[in-house]
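> Test case, fold it:
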Amino acid sequence: MKTTLQNLLSDVRFWIVLFFIIRLYGITDPPLEAAHNWRQACGCMVARNFVEVDANILYPRVDMAGDKTGITGTEFPALNYVIYLVSTVFGYTHWYGRLINLIISSIGTYFFFLLVKKYFNPRAALFSTIVLLGSIWFAYSRKTMPDTFSVSLALMGLYYGMNYLERHQFKWLLLFFLTSTLALLSKIPSGVILSLFLIPIVGGIYPLRSKVLFSITGVLALTIAGAWYFQWIPYLVQQYGYWHYFMGTGLGEGARTLLANPFNTSEKIFFDAVKFIGFAVFLFGMYRIIKSKDKFLIYISAVTILIFGLFMAKAGYNFTVHSYYVIPLVPFMALIIGWTISNMTNKTFQILLLLAIAVEGIGNHQHDFRIKETELYKMDLEAIADSISNRGDLIAINAGENPQQMYLAHRKGWIMSNEYFQDEETLNKIREKGCAFLFINLTEPDEISYELLFKIVYEDEHYRILDLNAQQARAL
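Sure, this is the predicted structure:
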């Protein structure tokens, strides 16, 4: 019995399945959790518009572009399109993205294990994988967001690419091309993972022919991703008039921003990624690597840190405020932590340390699995909107820059701050462009009152809706 339990606990598939089951809790939740509900709402919008408006993957569209088509530049909508494909069979609902991302991210975790096992040892692979499962990966692998989805594809690409260099079989090159291209298209920062190919290409003892063919394939993948981000996105923005995607800043400007916000910058790495205990072990592991002069790990560290540093500088201020920007670095950190723990001689201490890292990581993300009751009222938005308007009516919501409520209302139109909602000139402009209703969220800090200007067509404790075409006292 003891041997059976030990075998189970030493099997990475047990841990991947266990973490998969744990993360199924609340998998059908709408995008209402505190962390990046706005990002998930955008992803859901794109997927739903593929279902309801146009399924052309080259023309993703959002709902908050006012009177425009909503077509705009985004990351290549691979995850969104898988949601669309599933929806063609089962009908659309918001949680498909969560489940699809969880499935792909779990598979990616297994490929991570295979890579570490192949180039290090089974124990380091097991420990590293458990660390990865309990890191920021734990929460973001179940969100309708492409970050762990993309990194998972990159891990697959890394595995397939190394198989090609070692075995010289075309099937591995083809799988490398498909997964790596899709990874880079989904999120360019997944290139942090793929940059590790610099090591075998520059210094590996592989046949020149294999290196050349592999390099050409890699450049082709980069070219396709580059064409999407630096040619197609600007074209969509110019053609359809709505800017949505963040292209980053100059490296110098971004670096200065990071240095000007040292705590927020470092917090993303020492806290958001693997938490305090994990980060302490990571630092100790880096010290051990340098002291032991382990060339392989030094090369991996140097390439990863350099490329990720460039990504940080390109992201600039956004890196300091968004937790998910650190995700491409996390597999590397998990590798160093797992490798470090596997080299400790005291097995009891190994287990306790690994347990502490996992518990701290999961504990700091448990809030992400619960929806605050104070947010649930937003789920009534679509029914409320349907009761007073047609699906095609344009609306405006005082939601700041967060498209969440526009998505939940299942409408298109404008999202604005309270300041603009109190500006008659702005209201006049959007009314001329076809805006039919103002949705005022009464829970926002600043009270807005237009009873004397427009007819109230709906009101409860959370929302007041005004008909812009029904003036009560005077015209704008």
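> can you pull out the strands in this structure?
Using DSSP state E, the strands found in the chain span residues 394-397, 412-415, 435-441, 454-459, 463-471.
> Which secondary structure elements does the third one sit against?
It stands for strand 435-441. For strand 435-441, the packing partners by 3 or more Cβ pairs under 8 Å, 6 or more residues apart in numbering; DSSP states H and E come out as helix 381-388, strand 394-397, helix 404-409, strand 463-471. For the C-beta atoms, the positions are set from N, CA and C on the backbone; glycine is no exception.
> For that strand, output the C-alpha coordinates as PDB.
The C-alpha trace of strand 435-441 is given here as PDB (Å, rounded to 0.1, in the frame of the first residue of the first chain):
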ATOM      1  CA  CYS A 435     -26.400  56.100 -29.100                       C
ATOM      2  CA  ALA A 436     -29.900  55.300 -27.900                       C
ATOM      3  CA  PHE A 437     -29.500  54.700 -24.100                       C
ATOM      4  CA  LEU A 438     -27.300  55.700 -21.200                       C
ATOM      5  CA  PHE A 439     -26.700  52.900 -18.700                       C
ATOM      6  CA  ILE A 440     -25.600  54.500 -15.400                       C
ATOM      7  CA  ASN A 441     -24.100  52.300 -12.800                       C
END
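> and the angle for it with strand 463-471?
When axes from the mean of the first three to the mean of the last three Cα atoms, to 10 degrees is applied, the directions of strand 435-441 and strand 463-471 differ by 150 degrees.
> Name every strand pairing with strand 435-441 and say which way it goes.
strand 394-397 (parallel), strand 463-471 (antiparallel) (DSSP bridges).
> Looking at those strands, which one is packed in the most?
strand 394-397 (a mean of 24; mean count of other Cβ atoms under 10 Å).
> Report the mean per-residue pLDDT for that strand.
Across strand 394-397, the average pLDDT comes to 96.
> Put together CSV for the strands of the chain, with distance to residue 72 on each row.
Formatted as CSV, those follow (distance: least, Cβ to Cβ, whole Å):
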stretch, distance to residue 72
strand 394-397, 17
strand 412-415, 13
strand 435-441, 19
strand 454-459, 30
strand 463-471, 25
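> Nearest to residue 296, out of those?
Of all those, strand 412-415 sits nearest to residue 296, with 49.5 Å by Cβ to Cβ.
> mind saving the C-alpha coords of that closest one as CSV?
Taking Å, rounded to 0.1, in the frame of the first residue of the first chain, the C-alpha atoms of strand 412-415 are listed here in CSV:
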residue,chain,number,x,y,z
LYS,A,412,-22.3,47.5,-28.5
GLY,A,413,-21.4,51.1,-28.0
TRP,A,414,-19.3,53.3,-25.7
ILE,A,415,-17.7,52.8,-22.3
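> Which residues does it contact?
63-67, 70, 394-397, 399-403, 405-406, 430, 435 (Cβ atoms under 8 Å, 6 or more residues apart in numbering).
> export the strands paired with strand 435-441 to TSV and tack on distance to residue 201?
Below are the strands paired with strand 435-441 laid out as TSV (distance: least, Cβ to Cβ, whole Å):
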stretch	distance to residue 201
strand 394-397	51
strand 463-471	58
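> Just give the number of residues close to residue 56.
Residue 56 has 10 neighbours, counted by other Cβ atoms under 10 Å.
> what's the domain layout of this protein?
Annotated domains of the chain cover 2-26+94-216+250-369, 373-471 [automatic domain parsing].
> Throw these into JSON lines and include distance to residue 50, thanks.
As requested, the domains of the chain are arranged in JSON lines below (distance: least, Cβ to Cβ, whole Å):
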{"stretch": "domain 2-26+94-216+250-369", "distance to residue 50": "12"}
{"stretch": "domain 373-471", "distance to residue 50": "14"}
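> which one of those lies closest to residue 45?
If we rank those by Cβ to Cβ, the stretch that ends up nearest is domain 373-471, at 5.2 Å.
> Now do the closest one: distance to the chain's middle.
28 Å (Cα atoms, centre = their mean, to the nearest Å).
> One more: stretch 176-194?
For stretch 176-194, the separation from the chain centroid amounts to 14 Å (computed by Cα atoms, centre = their mean).
> For that stretch, buried residues please.
Using 16 or more other Cβ atoms under 10 Å as the test for burial, stretch 176-194 gives 176-177, 179-194.
> closest to residue 56 out of the helices and strands packed on strand 435-441?
Closest approach to residue 56 among these (Cβ to Cβ): helix 404-409, 20.4 Å.
> Which residues outside that closest one are in contact with it?
So helix 404-409 is contacted by 30-32, 37-38, 41-42, 44-45, 48, 63-64, 378-379, 381-382, 384-385, 395, 397, 399, 412-413, 415, 439, 441 (Cβ under 8 Å, 6+ apart).
> got the CA coordinates for it in CSV?
Output of helix 404-409 as CSV, limited to C-alpha atoms (Å, rounded to 0.1, in the frame of the first residue of the first chain):
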residue,chain,number,x,y,z
GLN,A,404,-17.0,44.0,-18.7
GLN,A,405,-20.4,45.5,-18.4
MET,A,406,-20.7,46.2,-22.1
TYR,A,407,-20.0,42.5,-22.7
LEU,A,408,-22.5,41.4,-20.0
ALA,A,409,-25.2,43.7,-21.5
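> Name the residues of that helix that are buried.
Using 16+ other Cβ under 10 Å as the test for burial, helix 404-409 gives 404-409.
> Please apply the same query to stretch 99-116.
For stretch 99-116, a neighbour-count test (16+ other Cβ under 10 Å) marks 99-102, 104-106, 108-116 as buried.
> Could you do stretch 209-229 as well?
Quick answer for stretch 209-229 (16+ other Cβ under 10 Å): 210-211, 213-214, 217-218, 221-222, 224-225, 228-229.
> For the closest residue to residue 342 other than its chain neighbours, which residues are in contact?
In space, and not counting its chain neighbours, residue 342 is closest to residue 124: 4.0 Å by Cβ to Cβ, 6 or more residues apart in numbering. For residue 124, the contacting residues are 116-117, 335, 338-339, 342-343, by Cβ under 8 Å, 6+ apart.
> which of those residues sit farthest apart?
Pairwise over the contacts of residue 124, using Cβ to Cβ, the maximum falls at 117 and 343, 15.4 Å.
> pretty sure residue 441 contacts residue 461?
No - with contacts counted by Cβ atoms under 8 Å, residue 441 stays clear of residue 461, the gap being 11.0 Å.
> of the two, who's got more company?
More crowded of residue 441 and residue 461, by other Cβ under 10 Å: residue 441, with 19 against 8.
> Next one, pLDDT for that one please.
What the model reports as pLDDT for residue 441 is 93.
> And it, how close does it get to residue 97?
Per Cβ to Cβ, to the nearest Å, residue 441 is found 25 Å from residue 97.
> got a list of what residue 411 touches?
Residues near residue 411 by Cβ under 8 Å, 6+ apart: 63, 385, 389, 391, 393-395.
> make it 6 Å
With contact set as Cβ atoms under 6 Å, 6 or more residues apart in numbering, residue 411 has these partners: 385, 395.
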